[in-house]
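# missing the sequence, but the structure's below:
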């Protein structure tokens, strides 16, 4: 029998910040007071890494690198010593096809705002990659 580890529950403030983050990821619309003015964003992609300093630059990074609205399905949301960790998949429509990626974001939070946003992304999978993956890999837990 596998032991089930109880996950720490996010408090009301962290839950609100996480919900605002998801809304922003889905819509691209700036969320009031989501980021601290001096937030550091650190985005790691499969073959690249980008950083920004400041809320405006963080919003601009998303607009420049991923301007498409879509759907976010949260797989896990856990409290950390400095904020929370969110694991999710994202789907969107662009260039006449459906796209997919998985991401893990650690958010450091202070005074109800994200002060550090560290993002690890699988990169964007077009329909060809998704189809090839479905044909070649059987996931134990989709």
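Received it, and whenever you're ready, just let me know what you need. As the structure is a computational prediction, the values presented were derived from the model and not from experiment.

# who's in contact with stretch 67-84?
Stretch 67-84 is contacted by residues 7-11, 14, 17-18, 22, 25-28, 85-94, 99, 106-109, 114-116 when judged by Cβ atoms under 8 Å, 6 or more residues apart in numbering. C-betas here are computed from N, CA, C, even on glycine.

# Mind doing that once more with 7 Å?
For stretch 67-84, contacts defined as Cβ atoms under 7 Å, 6 or more residues apart in numbering pick out 7-8, 10, 14, 18, 22, 25-28, 85-92, 94, 106-109.

# any low-confidence regions in this structure?
The model of the chain has pLDDT under 70 over residues 1-9.

# Report the buried residues of the strand ranked longest in it.
Across the chain, the strand with the greatest residue count (assigned by DSSP state E) is strand 97-110. Across strand 97-110, burial judged by 16 or more other Cβ atoms under 10 Å covers 99, 100, 101, 103, 104, 105, 106, 107, 108, 109.

# Name the residues that touch it?
Strand 97-110 has contacts (Cβ under 7 Å, 6+ apart) with 14, 17, 21, 36, 80, 82-92, 114-127, 130.

# Using ChimeraX, define a selection of the buried residues within those residues.
Here is the ChimeraX command that selects only those of the contacts of strand 97-110 that count as buried (16+ other Cβ under 10 Å):
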select :14,17,21,36,83,84,85,86,88,90,92,114,115,116,117,118,119,121,124,125
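
# List the ones among the contacts of strand 97-110 that fall in helices.
Secondary structure assignment (DSSP state H) places 14, 17, 21, 127, 130 from those within helices.

# Return the set of residues that bridge with the closest residue to the second one other than its chain neighbours.
For residue 17, the nearest residue in space outside its immediate sequence neighbours is residue 109; the separation is 5.7 Å by Cβ to Cβ, 6 or more residues apart in numbering. On the basis of DSSP bridges, residue 109 is bridged to residue 114.
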